[in-house]
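Asker: Quick one, what's the 3D model for this:
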Amino acid sequence: QLQFVESGGGLVQPGGSLRLSCAASGFTLDYYAIVWFRQAPGKEREGVSCIASSDVRSYTPSVKGRFTISRDNAKNTVYLQMNNLKPEDTAVYYCAANYHCVGYEPHQYAYWGQGTQVTVSS
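Answerer: Numbers count the residues shown, from 1 in each chain. So this is what the prediction gives:
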């Protein structure tokens, strides 16, 4: 079965950091662009960051300068380092794939995992 497994979420205070992992199962990441989405309660799924197979990276404005996406093809894993977290970053975070970074419409991506919960609260 082709899917991602997300991990690394948790409860953190405002200003804190977390590193999320997105491990591919059943396929290799080398030729894929990987995107992180998040979904807060009662809100639509929102694109956060994308990393192309060429390692070109993009971020939604609200996280630029605080989040860093990276990939380790040898480990078949993509990471999202999140620093200076804010309460508005609270959401379930998901990763998904396409052959290219094609914006932040969820229907453009496949192999969704179950997500990992990030809660930013004092």
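
Asker: tally of neighbours for Tyr79?
Answerer: Residues contacting Tyr79 under the criterion other Cβ atoms under 10 Å number 20. All C-beta spots, glycine's among them, are computed from the backbone N, C-alpha and C.

Asker: What pLDDT is listed against it?
Answerer: Here the pLDDT value assigned to Tyr79 is 98.

Asker: Next: Gln3.
Answerer: On the pLDDT scale, Gln3 gets 86.

Asker: I'd say it and Ala110 touch.
Answerer: No: contact criterion Cβ atoms under 8 Å: Gln3 and Ala110 do not qualify, at 9.2 Å.

Asker: Looking only at neighbour counts, state which of these two leads.
Answerer: Gln3 (17 against 12).

Asker: And the pLDDT at the residue nearest the centre of the chain?
Answerer: Residue closest to the mean C-alpha point of the chain, counted by Cα atoms, centre = their mean, is Trp36 at 2.6 Å. The score at Trp36 is 98. That number is its pLDDT.

Asker: Contacts only, for it.
Answerer: Contact partners of Trp36, counting by Cβ atoms under 8 Å, 6 or more residues apart in numbering, are 20, 22, 47-50, 69, 78, 80, 93-95.

Asker: Just give me the closest of the residues you listed to Thr28.
Answerer: Among the contacts of Trp36, Val78 lies closest to Thr28 (Cβ to Cβ), at 12.1 Å.
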